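Enquirer: sequence-free structure coming up:
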């Protein structure tokens, strides 16, 4: 059913086994252990961008958590109105909660594909996807410090003897792997919890944080009693990659936010006046074009009339500016002369 996942996963592991088998030998336990670990590293590197998108989406969700909580308090009894307001808030800020969940859901089939490949190494198997019968026998016979990859701590003595190991050796190698895998699980959870927004904390969040900090690491220890050592190497390498990836991604996001913050501060400082400097007000430019004042009642301005040509076709007669009284504008001489005559008649 998951062959479209199983074959690529086994193919990546097959390539890494060829690489490390050339260095340590095809049947070396180090070659098989490193092939498992680098298989995990390769798959997680492919899913690096979806992880970054997931982290950004979770951060955005925490920023909007107080606003969503207010909507729940306001429209708690009206589910339809609450859903409408939630969608409106998400559309305004371009936030899609499913966009952050989908990248993490992609890891689920990858995990099942890896589980199927490791469980495919069993006695009597003629092939395991990309691996042939000889490579299956090589994996079953390989040992890491005397412990077998296909054995677990709870396996019977007969099963351990069949794989060429004993319980004490298996405990000596497997227990440290379990402890380190559990500790890395706790550290990755603590790193994520420390990034949470306190304003978005609620009772449900507190419960999930306790599960992630204490129950999940304890689950790794309990599961380690029943899982083969190959699966424990998967848990160890997966949690190790997650911890390093969180460190890189979180610091990159913090650096981007700090750069945006500094850019906004610099922009405000450039626009603001310097200390002791008065703000400069721009004055409108003066109109230097010549205008003729019409001596009408409203005192409006209009352009001077152009001289009309004479009836005989000769050039228009020019008005003698010398006849104008000193201090007067030529355009209004006639109006003032009429005013003087009318005042004399009244007298």
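Expert: Now that the structure is in, tell me what you want to look at. Quick caveat, the model's predicted, so the values are computed rather than measured. Numbers count the residues shown, from 1 in each chain.
Enquirer: which residues of the stretch 101-250 of the chain fall in helices?
Expert: 107-119, 133-141, 157-162, 167-194, 203-210, 216-224, 229-271 (DSSP state H, counting those that start in this stretch).
Enquirer: looking at those, which is closest to residue 67?
Expert: helix 203-210 (15.9 Å; C-beta to C-beta). From N, CA and C alone the C-beta is placed, and that goes for glycine too.
Enquirer: Show me what counts as buried in the closest one.
Expert: Buried residues in helix 203-210, defined by neighbour count with 16 or more other C-beta atoms under 10 Å: residue 209.
Enquirer: Please work out the angle formed by the directions of that helix and helix 216-224.
Expert: Helix 203-210 runs at 50 degrees relative to helix 216-224, counting by axes from the mean of the first three to the mean of the last three C-alpha atoms, to 10 degrees.
Enquirer: Name the surrounding residues that touch helix 203-210.
Expert: The set of residues external to helix 203-210 that reach it, using C-beta atoms under 8 Å, 6 or more residues apart in numbering, is 189, 193, 196.
Enquirer: Can you tell me the closest non-neighbouring residue to the last one?
Expert: In other words, residue 196. Once flanking residues are discounted, residue 196 sits nearest to residue 62: 6.2 Å by C-beta to C-beta, 6 or more residues apart in numbering.
Enquirer: again, but for residue 5
Expert: In space, and not counting its chain neighbours, residue 5 is closest to residue 113: 3.6 Å by C-beta to C-beta, 6+ apart.
Enquirer: Now do the helix or strand where residue 44 lies: everything it contacts.
Expert: Taking DSSP states H and E as the definition, one finds residue 44 inside helix 29-46. Contact with helix 29-46 is made by 9, 12-13, 16-17, 19-21, 23-25, 51, 110, 114, 118, 138-139, 142-145, 149, 230, 233-234, 236-238, 241-242, 245, as judged by C-beta under 8 Å, 6+ apart.
Enquirer: Check stretch 19-27 too.
Expert: In contact with stretch 19-27 (C-beta under 8 Å, 6+ apart) are residues 17, 28, 30-31, 34-35, 38, 135, 138, 141-142.
Enquirer: and with 6 Å instead?
Expert: Contacts to stretch 19-27, defined as C-beta atoms under 6 Å, 6 or more residues apart in numbering, come from residues 30-31, 34-35, 138, 142.
Enquirer: Give me the buried positions along it.
Expert: In stretch 19-27, counting by 16+ other C-beta under 10 Å, buried: 20-21, 26-27.
Enquirer: Can you name every helix or strand that the helix or strand just after the helix holding residue 44 contacts?
Expert: Using DSSP H and E, the next helix or strand after helix 29-46 towards the C-terminus is helix 48-74. In terms of contacts (3 or more C-beta pairs under 6 Å, 6 or more residues apart in numbering; DSSP states H and E), helix 48-74 is packed against helix 97-105.
Enquirer: can you rerun that using 8 Å?
Expert: Helices and strands touching helix 48-74, by 3 or more C-beta pairs under 8 Å, 6 or more residues apart in numbering; DSSP states H and E, are helix 79-93, helix 97-105, helix 229-271.
Enquirer: Mean pLDDT lowest where, among those?
Expert: Between these, the one with the least mean pLDDT is helix 97-105; it has a mean of 63.
Enquirer: Flag the shaky bits of the stretch 1-150 of the chain, pLDDT-wise.
Expert: Applying pLDDT under 70 to the stretch 1-150 of the chain flags residues 1, 93-104.
Enquirer: Residue 30 - how many residues pack around it?
Expert: Residue 30: 15 surrounding residues under other C-beta atoms under 10 Å.
Enquirer: likewise residue 63?
Expert: Using other C-beta under 10 Å: residue 63 sits among 14 other residues.
Enquirer: before we move on, what about the one 5 residues further on?
Expert: By other C-beta under 10 Å, the residues close to residue 68 number 16.
Enquirer: What sits closest to the spatially most central residue of the chain if chain neighbours are left out?
Expert: Nearest to the geometric centre of the chain sits residue 56, at 3.5 Å (C-alpha atoms, centre = their mean). The shortest distance from residue 56 to any non-neighbouring residue, by C-beta to C-beta, 6+ apart, is to residue 253 (7.0 Å).
Enquirer: For the one you found, list the residues it contacts.
Expert: Contact partners of residue 253, counting by C-beta under 8 Å, 6+ apart, are 55-56, 59.
Enquirer: Can you redo those residues as CSV, where the extra columns are distance to residue 82?
Expert: What follows is the contacts of residue 253, written out as CSV (distance: C-beta to C-beta, whole Å):
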residue, distance to residue 82
55, 27
56, 25
59, 23
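Enquirer: out of the residues you listed, which one sits closest to residue 220?
Expert: Checking the contacts of residue 253 one by one against residue 220 (C-beta to C-beta), the nearest turns out to be residue 55, at 22.5 Å.
Enquirer: Tell me how many other residues surround the spatially closest residue to the closest one that is not a sequence neighbour.
Expert: With C-beta to C-beta, 6+ apart as the criterion, residue 55 has its nearest non-adjacent residue at 5.5 Å, and that residue is residue 249. Applying other C-beta under 10 Å, we find 16 residues neighbouring residue 249.
Enquirer: Can you give me the distance of residue 249 to residue 180?
Expert: Per C-beta to C-beta, to the nearest Å, residue 249 is found 22 Å from residue 180.
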